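Engineer: from the sequence below, what's the structure:
(chains A and B, ligands or ions: 1)
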Amino acid sequence: MDKTISINAPLRNDMVRQLKSGDHVEINGVVYAVRDAAHKRLIEMLDKGEELPFDIKDQIIYYVGPCPARPGHVIGSAGPTTSGRMDVYTPRLIELGLAGMIGKGLRSDEVVEAMRKFGAVYFGAVGGAGALLSKCIVSEEIAAFPELGPEALRKLVVRNFPAVVIIDSEGRDLYSSGRRRFQHVFAQNRKM
Amino acid sequence: MREIDVSHIIDTVERLCMQANYELNSDIMHALEEGINREGSDTGRRVLSELVENARIAARERIAICQDTGMAVVFIELGQDVHIKGGSLRDAVNEGVRRGYEKGFLRKSVVSDPFERVNTEDNTPAVIHYDIVEGDRIRVTVAPKGFGSENMSGLRMLKPSDGIEGVKAFILETVDKAGPNPCPPVVVGVGIGGTMEKAALLSKKALLRPVDRRNEDERISRLEEEMKELINGLGIGPAGLGGRLTALAVNMEVFPTHIAGLPVAVNISCHVTRHAEAVI
Ligand code: SF4
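Structural biologist: Numbers count the residues shown, from 1 in each chain, chains lettered A, B, ... in the order given. Below is the predicted model:
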């Protein structure tokens, strides 16, 4: 089995460039939980020329909307949501220095292009493993937009958070290379 | 005529919301465990082991298997000899969902309006499907549905001349396009026939059937097996990272249809396909 690389967040640009599609990593440090509604808010703030609630340079965003915590727990179940819904907002954040994203599922060409141009990496966490992943989150605080409930912007501290590099800063994509190794049936995408 | 007070319905729905979200059904658990032995990809095996471990943690600590605890889809089979007293059936179901999601530390994922998108903060309203059946009991099934997989579902009104080949191609195309998004290994619910909405409802109901039980009609059960083979040849694999196990099962339901049509609905569901039921 491939060895696991330990990385620290925030993620410096030289580290971003070293990570390769297919690498198994464990993430340590601060990541920001941001999903659909909070992304929309961030972009609206940028449009109005306002300052973002956190300095996005070198940060990692985790696409997650966790469950409420049981008493005595840091956080409830907290696995990744589908990243593609954030694609319309992402290139602009990458341009501002966003270094990493944790999510699941396909990204658009525009996102991959921005990742190559400015240097960013896309990590996949296992979708549906929210109970397991919640154990790697050691603190949670609401950093902005508390009125959004599960979609509020959260500052999380993670320890040994397991992920895989799906798309690296050169645009290599594990979803397609992984699939190619096992695919022997091909769907015909017909027109109606 | 048997009388049932709404308080029983509230309590039942509350309990089922929690049970469905904490306890992975045993048929799926077995399919994941078996998958570990058969999966050809190291990463795929690692993912499947994590999913099994995840389900054990969730059951032990009574926390959600997945943070997307879904929109609550509730099927009510109401015996025609039942009289419900103490309030409305719909209010009772919604109250049960409200309590279950609040007391169960489950995420509230419902917005009040598709455009305004303000969270209702109690995961209501539920999507409720009623069926009037014989007898004096109520069967309640709670099937919380996550949207990572719901968003990858599709429906197509095929022509009768498209036949079985057209149906197969559409199912394959839908799963292929979904790729890693719906948290594979997936369960694929397929509804064939009826009208547009009937096909969609059949595809949702198909997901209530355990993954190790095939359609009783042998012709359909063979088609289910064949489609599962084809889908697993797509190479998507656990978490979409490449591998042999993409679908745990393909569950199909069919219904008579119109001389001019062949509706097909494909409802994709993830490896936490949830449903819990009780009879009152
Ligand atoms: S598709 Fe299923 S496993 Fe994936 S995030 Fe949604 S509910 Fe969870």
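Engineer: what is the burial count for whichever residue of the stretch 51-200 of chain B sits closest to the ligand?
Structural biologist: Among all residues of the stretch 51-200 of chain B, B:G146 sits closest to the ligand, at 2.2 Å; criterion: CB to the nearest ligand atom. Placement of C-beta: from N, CA and C, glycine included. A count of neighbours around B:G146, defined by other CB atoms under 10 Å in any protein chain shown, yields 25.
Engineer: not counting sequence-adjacent ones, nearest residue to it?
Structural biologist: Spatially, and ignoring its direct neighbours in sequence, B:G146 is nearest to B:D68 (3.9 Å; CB to CB, 6 or more residues apart in numbering or on different chains).
Engineer: thinking again about what came up before, who touches the residue of the stretch 51-200 of chain B closest to the ligand in this structure?
Structural biologist: B:66, B:68-70, B:183, B:270, B:272 (CB atoms under 8 Å, 6 or more residues apart in numbering or on different chains).
Engineer: out of those residues, who's nearest A:Q59?
Structural biologist: When these are ranked by distance to A:Q59 (CB to CB), B:D68 comes first, at 23.8 Å.
Engineer: returning to that earlier point: which of the contacts of B:G146 lies closest to B:E134?
Structural biologist: Looking across the contacts of B:G146 and measuring by CB to CB, the closest to B:E134 is B:G70, at 30.5 Å.
Engineer: secondary structure class for residue 16?
Structural biologist: In the absence of a named chain, this looks at chain A. helix (DSSP: H, G, I helix; E, B strand; the rest coil).
Engineer: think we crossed wires, I meant chain B
Structural biologist: Three-state call for B:L16 (three-state DSSP): helix.
Engineer: pull the contacting residues for it.
Structural biologist: Contacts for B:L16 (CB under 8 Å, 6+ apart) come out as B:96, B:100, B:140-142, B:276-278.
Engineer: same check, this time on B:Y130
Structural biologist: B:Y130 sits in contact with B:76, B:78, B:89, where contact means CB under 8 Å, 6+ apart.
Engineer: now it: which helix or strand?
Structural biologist: Applying DSSP states H and E as the criterion places B:Y130 in strand B:127-133.
Engineer: adjacent strands (with direction) for that strand?
Structural biologist: As defined by DSSP bridges, the strand partners of strand B:127-133 come to strand B:71-79 (parallel).
Engineer: hang on, the earlier thing: now the contacts of B:Y130 as CSV including neighbour count?
Structural biologist: Shown next, in CSV, are those (neighbours: other CB atoms under 10 Å in any protein chain shown):
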residue, neighbour count
B:I76, 20
B:L78, 19
B:L89, 17
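Engineer: how about the top helix by length along chain A and chain B, any contact?
Structural biologist: Looking across chain A with DSSP state H, the single longest helix is helix A:36-47. Yes. Against chain B, helix A:36-47 shows contacts by CB under 8 Å from any CB of the partner chain at A:A37.
Engineer: packing partners of that helix?
Structural biologist: Counting contacts by 3 or more CB pairs under 8 Å, 6 or more residues apart in numbering or on different chains; DSSP states H and E, helix A:36-47 packs against helix A:90-95, strand A:153-167.
Engineer: give the contact list for A:S134.
Structural biologist: A:S134 neighbours (CB under 8 Å, 6+ apart): A:66, A:73-78, B:63, B:67.
Engineer: hmm, back to that, check for me that the residue nearest to B:G146 belongs to a strand.
Structural biologist: No. Using three-state DSSP, the assignment for B:D68 is coil, not a strand.
Engineer: tell me the contacts of it?
Structural biologist: With contact taken as CB under 8 Å, 6+ apart, B:D68 is in contact with A:65, A:79, A:81, A:130, B:107, B:109, B:146-148.
Engineer: same question, B:R107
Structural biologist: By CB under 8 Å, 6+ apart, B:R107 lies in contact with A:65-68, A:76-77, A:150, B:64, B:67-69, B:101, B:123.
Engineer: repeat that with 10 Å
Structural biologist: A:65-68, A:76-78, A:130, A:149-151, B:21, B:64, B:66-70, B:101, B:123 (CB atoms under 10 Å, 6 or more residues apart in numbering or on different chains).
Engineer: one more: A:A152?
Structural biologist: Neighbours of A:A152 in contact, by CB under 10 Å, 6+ apart: A:33-35, A:37-38, A:41, A:65-66, A:142-146.
Engineer: at 6 Å instead, please
Structural biologist: A:142, A:145-146 (CB atoms under 6 Å, 6 or more residues apart in numbering or on different chains).
Engineer: out of these, who's the most crowded?
Structural biologist: Within the contacts of A:A152, neighbour counts (other CB under 10 Å) peak at A:F145, which reaches 18 neighbours.
Engineer: whichever residue of chain A sits closest to the ligand: which element?
Structural biologist: For chain A and the ligand, the shortest gap (CB to the nearest ligand atom) falls at A:G128, measuring 2.8 Å. Under DSSP H and E, no helix or strand contains A:G128.
Engineer: near B:D136, how many other residues are there?
Structural biologist: By the criterion of other CB under 10 Å, B:D136 has 14 neighbours.
Engineer: which two among the contacts of B:G146 are spaced furthest apart?
Structural biologist: The largest separation in the contacts of B:G146, counting by CB to CB, is between B:T69 and B:C183 at 13.9 Å.
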